[in-house]
Structures are given as C-alpha cells and as structure tokens.
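> Make a model of this:
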Amino acid sequence: MKKLQGKAAFVTGASRGIGAGIAEELAAQGADVVISYWSSADQAAQVVAAIREAGGKSEAIRADAGDAAAVRAAVLSAHELLGRLDILVNNAGVFERVPLHESTDEQFDRVMAVNLRGAYVAIKEAVPLMSKGGRIINLTSTFGSRVPAPGLGLYATSKFALAGMTRALARDLAPLGITVNAIQPGPIATDMNRDVGSHARLMSMMTALGHYGSPADVAKAAAFLASDDSAYITGATLNVDGGFET
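Presented below is the predicted three-dimensional model:
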C-alpha cells in the first residue's frame, strides 16, 4: 500500500523544479495530483504526462498565484477534478533581487502577492474542503530564517512571513485535525538555480554536505509531511538544505 493511496493533492507552481518534483513524488506515493502553473504550459503538460504514464491521475490548471481570484478558482477546480482535497502544497513563488530600500511598490506588491498572499488565499479556500487528516505544506526558504547577503530583502520578507503564518495556522487548524508545516529548502539544483559556476561553488561550500540538493530531496520530505507518518508534526519547519543552516 502506497503511503498516499486514495489521497488528493493540489500543488501550486508545479510546472518545473521543486514543484514538479513534489507533484511527481506525491503521485508516485499514490495520490491523485492537480498542479497549477502560470507561464510554462508545455512543462506543466510534461509533468501531467509523466504522472499519467506512471499510472497516476493528474491535471493542470493555469492560474496566476498573485491573483487572489485565480487562486480561489484553482483550489475549487482542483477539488472538483479530484472529488476531494487532502493535501495542499503552496510552492508557487517569485524572486526579485534588489536592495529593499530601492525596490518599487510594484515589486513589493508582486512578491508578497505570489509568495505570501497566494498561499494565504489557497489555504483559506482549501480548509473548508478538507477533512480531519488534511495536510498543508508551505515552501519557505533558508532566506526565510536569515538573510546572508544584500538584495534579498523582498524575498526574505515574504518567506519570513510565510514561516510565521505556518506556525500560526498550525494552532488555528489543529482543532480541525489539519496539520500545517513548512519545508525550508537550501541550495537545490533547478533550471533557475543551477549548481555550476562560482556562485554555486560558494553555496556548496556553505553546506555541511558540500553539494547542492535535488528537487527529489525536497519532494521526499513533502511526501513524508503529506503522509500519516507525520501525524504528530505540525507548526514545524523541515530544513532540506544539506546543512546550510547548521
């Protein structure tokens, strides 16, 4: 029996990278999975196809994570497509590197809309659709616990807030039997964060294990938090960072 057999999951921002890895791992563990994407339709289709070819059920929904109405509609659509909703993974995010005091109001609003408000809206819409045993997983970042370099203020602010919201919701939703946890990835090799070049070498040196992780490393952590094995864990932040935060 697979750990997530009979479960239904919605993963936001899952057309590539960490989100795609999570969607595919949840499906491999038996869950039916709906993903959302914004600009990468071809890649989203590839994720859906990979899940289906492996025998799973999957659909993709185009939705801007920074548009509250679109997020609400996507959650409802995922529930309608799957017939239930047990797992919500808030992975969608954007990154702007700019000194905080030089950022524009538009940059601030966009980062907060996608990285923080998008998760907030998705959770509000999903909770009434979940039953006891529901799982909410938010993707934060090592930049959500410290800011190791200039120019990370917008992103870090959104991730610090998401980490705090995770802990608050763990308290609020515990009476409903729904757990809320965060995964804090460190250096993970994706198309947008390649593990080559001088910056990557520096980041690797800052980890205890000496190398980048893969989306699969984060995905396995997500599958654990989505399963019954994590029933007594809520309000926690699980670092998947190779010891970057050690």
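> got the contact list for the residue sitting nearest the centre point of the chain?
Nearest residue to the geometric centre of the chain (CA atoms, centre = their mean): residue 91, 2.3 Å. By CB atoms under 8 Å, 6 or more residues apart in numbering, the contact list for residue 91 reads 11-14, 18-19, 22, 139. C-beta: built from backbone N, CA, C; applies to glycine.
> What is the nearest of these to residue 38?
residue 13 (7.6 Å; CB to CB).
> Show which residues not belonging to the least confident helix or strand in the chain by mean pLDDT make contact with it.
In the chain, the helix or strand scored least confidently by mean pLDDT, DSSP states H and E is helix 198-205, which has a mean of 86. The contact list for helix 198-205 (CB under 8 Å, 6+ apart) reads 187, 194-195, 210-212, 244.
> How about stretch 65-74?
By CB under 8 Å, 6+ apart, stretch 65-74 touches 10, 12-13, 36, 38, 61, 63-64, 92-94, 110, 113-114, 117-118, 121-122, 125.
> run the last query once more with 6 Å
12, 36, 61, 63-64, 92, 113-114, 118, 121-122, 125 (CB atoms under 6 Å, 6 or more residues apart in numbering).
> Next: stretch 107-124.
Contacts of stretch 107-124 (CB under 6 Å, 6+ apart): 65-66, 68, 71, 75, 90, 92-94, 96, 136, 138, 154, 158, 161-162.
> of all those, which comes closest to residue 29?
residue 136 (17.1 Å).
> Helices along the chain, start to end?
In the chain, the helices defined using DSSP state H lie at 17-28, 41-53, 68-82, 105-112, 118-126, 153-173, 198-205, 215-226.
> I'd like the mean pLDDT over stretch 172-185, please.
Confidence for stretch 172-185, expressed as mean pLDDT, is 98.
> Residue 38 touches residue 44, doesn't it?
No. If you go by CB atoms under 6 Å, residue 38 and residue 44 don't touch, sitting 9.2 Å apart.
> who has more neighbours, those two?
residue 44 (26 against 19; other CB atoms under 10 Å).
> Wait, the more buried one touches residue 37, no?
Yes. Residue 44 lies in contact with residue 37 (CB under 6 Å); the separation is 3.9 Å.
> Can you check which residues contact both of the two?
residue 15.
> ok, residue 48 touching residue 57?
No. The pair residue 48 / residue 57 is not scored as a contact, 9.6 Å apart, by CB under 6 Å.
> Spatially nearest residue to residue 12, not counting backbone neighbours?
residue 92 (4.1 Å; CB to CB, 6 or more residues apart in numbering).
> now that neighbour: how far from residue 72?
To residue 72, residue 92 is 14 Å away according to CB to CB, to the nearest Å.
> More neighbours: the two, which one.
residue 92 (26 against 16).
> just to revisit the earlier point, quick one: which of the contacts of helix 198-205 is nearest to residue 2?
residue 212 (28.3 Å).
> Hmm, that closest one is touching residue 195, no?
Yes. Contact criterion CB under 6 Å: residue 212 and residue 195 qualify, at 3.9 Å.
> quick one, what contacts the spatially closest residue to residue 2 that is not a sequence neighbour?
What sits nearest to residue 2 in space, not counting adjacent residues and going by CB to CB, 6+ apart, is residue 30, at 3.2 Å. Residues in contact with residue 30 (CB under 6 Å, 6+ apart) are 2, 4-5.
> switch the cut-off to 8 Å
Residue 30 touches 1-7, counting by CB under 8 Å, 6+ apart.
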